[in-house]
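J.: starting from these lines, generate the structure:
(chains A and B)
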Amino acid sequence: AQSVSQHNHHVILSEAASLELGCNYSYGGTVNLFWYVQYPGQHLQLLLKYFSGDPLVKGIKGFEAEFIKSKFSFNLRKPSVQWSDTAEYFCAVDFTGGGNKLTFGTGTQLKVEL
Amino acid sequence: DAGVIQSPRHEVTEMGQEVTLRCKPISGHDYLFWYRQTMMRGLELLIYFNNNVPIDDSGMPEDRFSAKMPNASFSTLKIQPSEPRDSAVYFCASSSGTHRGAFFGQGTRLTVV
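T.: Okay, here's the model as predicted:
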């Protein structure tokens, strides 16, 4: 079955530390990839997306993600986190090719300490 | 644009009662999605529509759940009868065309007691 895995459920970092959140999916075909962020008490917001082209995708707020097809991965990175990055991060994959039907990972709760 | 609008934001109801959640998608978007978020199961896609037509309802948990989209600017998700295990945050999202990602509403937090 097609699935999305986020192995880090909780991450705690100090401000200015670098961040990398893992996302893996199980499917050998063409996929479209997304990262969403959910700040406390708020709705999900799109951080970045990959459909084709350069596998290194830059999103909002200094986030980027790299698609490594051979590893079925789409890890999210940020060189230097801020306290305001405290949120839950969701990786999502569209296995249908249309970019609309998303399967979400279980999320990673990030806490950034001052 | 006001974004995706959901109502109510919070709903507390007794087991056995009918619950109706409402969603207004972003104007011009032709896809609408209903998701459910729980601690145990994360974010699950329940159903989605394209041009007001249900395309995939395989995520709807059981017959107690139904969704409609009578026009391009309104959708409902109904649970009848509701059960405590239906307690969750229900999100509506909309998108335009393909390869755009979805825009989410603020969600409805449903508590069934």
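
J.: is the closest residue to residue B:42 other than its chain neighbours in a helix, a strand, or coil?
T.: Once flanking residues are discounted, residue B:42 sits nearest to residue A:106: 4.4 Å by Cβ to Cβ, 6 or more residues apart in numbering or on different chains. Where C-beta positions appear, they are placed from N, C-alpha and C, glycine not excepted. Following DSSP: H, G, I helix; E, B strand; the rest coil, the label given to residue A:106 is coil.

J.: chain center to the lowest-mean-pLDDT helix or strand in chain A, what's the gap?
T.: None of the helices or strands of chain A scores lower by mean pLDDT, DSSP states H and E than strand A:102-104, at a mean of 90. Distance, stretch centre to chain centre, for strand A:102-104: 11 Å (Cα atoms, centre = their mean, to the nearest Å).

J.: list the helices and strands it packs on?
T.: strand A:3-5, strand A:87-94, strand B:42-50 (3 or more Cβ pairs under 8 Å, 6 or more residues apart in numbering or on different chains; DSSP states H and E).

J.: tell me the pLDDT of the residue nearest to residue B:42.
T.: Looking at residue A:106, its pLDDT stands at 91.

J.: who's in contact with it?
T.: Applying Cβ atoms under 8 Å, 6 or more residues apart in numbering or on different chains to residue A:106 gives the contacts A:5, A:6, A:9, B:42.

J.: circling back to that earlier point, the least confident helix or strand of chain A pairs with which strands?
T.: For strand A:102-104, the paired strands and their directions (DSSP bridges) are strand A:87-94 (antiparallel).

J.: where in chain B is pLDDT low?
T.: Counting by pLDDT under 70, the ranges of chain B that qualify are B:1, B:98-99.
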